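> Quick check, what structure comes out for this input:
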Amino acid sequence: MNARLLFIIVLAGPVLSATAQTLYELKPVYPELTFPDCPVGVAHTDEDPPRSIVALQRGLVHVLPEDRESATSRVFLDLRPQLKEEFHFEAGLHAVVFHPDFARKRLVYLSYSQSNPRRNVLTEMRVPEGTFAADPSSERILLEIPHQLADHFSGSMAFGPDGMLYYAVGDGGLRDDPMGMAQHPFLLQGKILRIDINTPEEDGRPYLIPTDNPFVGKQEWRGEIYALGFRNPWGISFDPHTGNLWAADVGQDFHEEINWITSGGNYGWSERDGTERLAARKDLPPVIPEVPYIDPVHRYSRLDGDGICIVGGMLYRGTKLKSLTGCYLYADWGMGKIWAMRPPEQPGERATEIRLLYQASEVGFNPTLICPDKDGEPLILNHRGWLGELVEVSGAD
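Sure thing, here's the model as predicted:
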């Protein structure tokens, strides 16, 4: 795929309700710059000033130039040799994040899929001093998770304010999670994991399981599990002010959902889709009755024409779009829509303020992620057929 990456949403007036005409437009951040693939993530270092990279699905990672009129960008990492067999729809490179103390430790983390056997791979690489390019020969694999079925890799990552790495893993694919992975307490599929990558385990494991993880020491539970019951969590992110964790989860038939993630929370899949009992499970008892379900704070339905594939986003804490401060920004890949949601007071409560910010008027706008730029302003990553774009949200109220 070829990819022109970044968009700008320019505020042209007050935000209106989802049923009203939207007053935003999109502009590419790098109008002269093209990328050879679909964008899946942007990451920034903690340096002063920070440096930024964009990850592309088929394995290239590019440095984002400071000059937004630039027509070229250099390669930070070429992971294509590892991904040479990864051609199916959701396979490839899924996410990239820098160590929160990158300036001192010079480490970057990547999530990607592999075949033969099919699996998720969580890995670490070093960026040598005096360069800004990852060294593939320094790769240290932290975790490999079997992925027996077709898709739903997820692979989204984020470092929390506690310094732990949070890692989202999909249920493995196919309809109804046929192997029951998302509710299985000893499988890592369909979960959000929490691990300490700074402290190797004494038994040779390249990470430590934090002792305050919710299921540590419980019989039949994997200690890495932080939350469970996900189908294909597409984008996880932390609110930089409150530290709350958010995840969008792609639905099966009728419900796309946004979840406020809490330690030990069970978000229902594949016992249910959205808040409704899954038809395949309707006559069966809950798999884990001692861990009750937490409702999504917002869900929408393809039956209403709202969208078909939710794309995760970010809690906005920037300075340019003041009326959106504290809102969760998210999108729909299939319908080319972008919304802002005002979060409820508590996890599991329903959000009541949803505002449509943008709706594509033509085919070719398929957002794949919303994430902050180095100043905290929103970037929309767009997959435009065999092209892609980065779009930035800017403007003043």
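> right, and residue 333 touches residue 368 too?
Yes: the criterion here is C-beta atoms under 8 Å, and residue 333 meets it with residue 368 at 6.4 Å. Placement of C-beta: from N, CA and C, glycine included.
> Give me the common contacts of the two.
Listed contacts common to residue 333 and residue 368 are 311, 383; contacts here mean C-beta atoms under 8 Å, 6 or more residues apart in numbering.
> how far away is residue 161 from residue 238?
Taking C-beta to C-beta, to the nearest Å as the measure, residue 161 falls 6 Å from residue 238.
> the more surrounded of the two?
More crowded of residue 161 and residue 238, by other C-beta atoms under 10 Å: residue 238, with 19 against 14.
> mind listing what the more buried one touches?
158, 160, 161, 244, 245, 246, 315.
> Including distance to residue 197, secondary structure and pLDDT, could those residues go into a markdown table?
Converted to a markdown table, these look like this (distance: C-beta to C-beta, whole Å; DSSP: H, G, I helix; E, B strand; the rest coil; pLDDT from 0 to 100):
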| residue | distance to residue 197 | secondary structure | pLDDT |
| --- | --- | --- | --- |
| 158 | 13 | strand | 98 |
| 160 | 12 | coil | 98 |
| 161 | 15 | coil | 98 |
| 244 | 22 | coil | 98 |
| 245 | 17 | strand | 98 |
| 246 | 21 | strand | 98 |
| 315 | 24 | strand | 98 |
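> State the distance from residue 139 to residue 93.
Taken as C-beta to C-beta, the span from residue 139 to residue 93 is 13 Å.
> err, residue 117, not the other one
18 Å.
> of those two, who's got more company?
residue 93 (28 against 9).
> what does stretch 274-281 rub up against?
Counting by C-beta under 8 Å, 6+ apart, 176, 251-252, 254-255, 257, 268-272, 295-296, 299, 301 sit against stretch 274-281.
> tell me the least confident of those?
Least confident entry in these, by pLDDT: residue 254, with 86.
> Which residue is the nearest non-sequential neighbour of it?
Spatial nearest neighbour of residue 254, excluding adjacent residues (C-beta to C-beta, 6 or more residues apart in numbering): residue 301 at 5.2 Å.
> what do you get for residue 201?
Computed as C-beta to C-beta, 6+ apart, the closest residue to residue 201 that is not its neighbour in sequence is residue 208, at 5.3 Å.
> Determine the number of other residues adjacent to that neighbour.
Neighbours around residue 208, by other C-beta under 10 Å: 16.
> Could you tell me which residues make contact with it?
Contacts of residue 208 (C-beta under 8 Å, 6+ apart): 195, 196, 198, 199, 200, 201.
> quick one on the thing from earlier: now the residue nearest to residue 254: how far from residue 259?
Residue 301 is 16 Å from residue 259, by C-beta to C-beta.
> now do residue 27
31 Å.
> Of the two, give the one with the bigger neighbour count.
Between residue 27 and residue 259, counting by other C-beta under 10 Å, residue 259 is the more crowded of the two (28 against 15).
> Can you name the next helix or strand after the helix or strand that one falls within?
Using DSSP states H and E, the element containing residue 259 is strand 256-261. The helix or strand immediately downstream of strand 256-261 is strand 272-273, counting by DSSP H and E.
> Parallel or antiparallel, list what pairs with the next helix or strand after that following strand.
Following strand 272-273 in sequence order, the next helix or strand is strand 276-277 (DSSP H and E). With DSSP bridges as the test, strand 276-277 is paired with strand 272-273 (antiparallel).
> any weak-confidence spans in the chain?
Across the chain, the ranges flagged by pLDDT under 70 are 1-24, 85-87, 385-388, 393-397.
> Can you show me the helices along it?
In the chain, the helices defined using DSSP state H lie at 102-105.
> what residues are up against the most centrally placed residue in it?
Closest residue to the average C-alpha location of the chain: residue 235 at 1.7 Å, with C-alpha atoms, centre = their mean. Residues near residue 235 by C-beta under 8 Å, 6+ apart: 156, 247, 248, 311, 312, 313, 330, 369, 370, 371.
> Give me the distance between it and residue 329.
11 Å.
> where do the contact lists of the two overlap?
Counting by C-beta under 8 Å, 6+ apart, the shared contacts of residue 235 and residue 329 are 313, 370.
> and residue 123, how many neighbours does it have?
18.
> partners of it in the sheet?
residue 110, residue 141.
> do you know how far it is from residue 348?
For residue 123, the distance to residue 348 - C-beta to C-beta - is 34 Å.
> Equivalent analysis for residue 68, please.
Counting by C-beta to C-beta, the gap from residue 68 to residue 348 is 41 Å.
> Ok, residue 243 next?
Taking C-beta to C-beta, one finds residue 243 at 18 Å from residue 348.
> who has more neighbours, those two?
For residue 243 versus residue 348, the count of surrounding residues by other C-beta under 10 Å is larger for residue 348: 16 against 10.
> Distance check, the more buried one against residue 45.
Separation of residue 348 from residue 45 (C-beta to C-beta): 35 Å.
> Next: residue 188.
Taken as C-beta to C-beta, the span from residue 188 to residue 45 is 29 Å.
> and if you look at residue 210?
25 Å.
> Please apply the same query to residue 346.
Distance of residue 346 to residue 45, computed by C-beta to C-beta: 35 Å.
> who's more crowded, those two?
Using other C-beta under 10 Å, the more surrounded residue of residue 346 and residue 45 is residue 45, with 20 against 9.
> Show the residue spans covered by the strands in the stretch 151-300 of the chain.
For the stretch 151-300 of the chain, the strands defined by DSSP state E, counting those that start in this stretch cover 154-159, 165-169, 191-195, 225-228, 233-238, 245-249, 256-261, 272-273, 276-277, 298-300.
> The third one - contacts with which helices or strands?
Read it as strand 191-195. In terms of contacts (3 or more C-beta pairs under 8 Å, 6 or more residues apart in numbering; DSSP states H and E), strand 191-195 is packed against strand 135-146, strand 165-169, strand 225-228.
> Right, I'll call it a day here.
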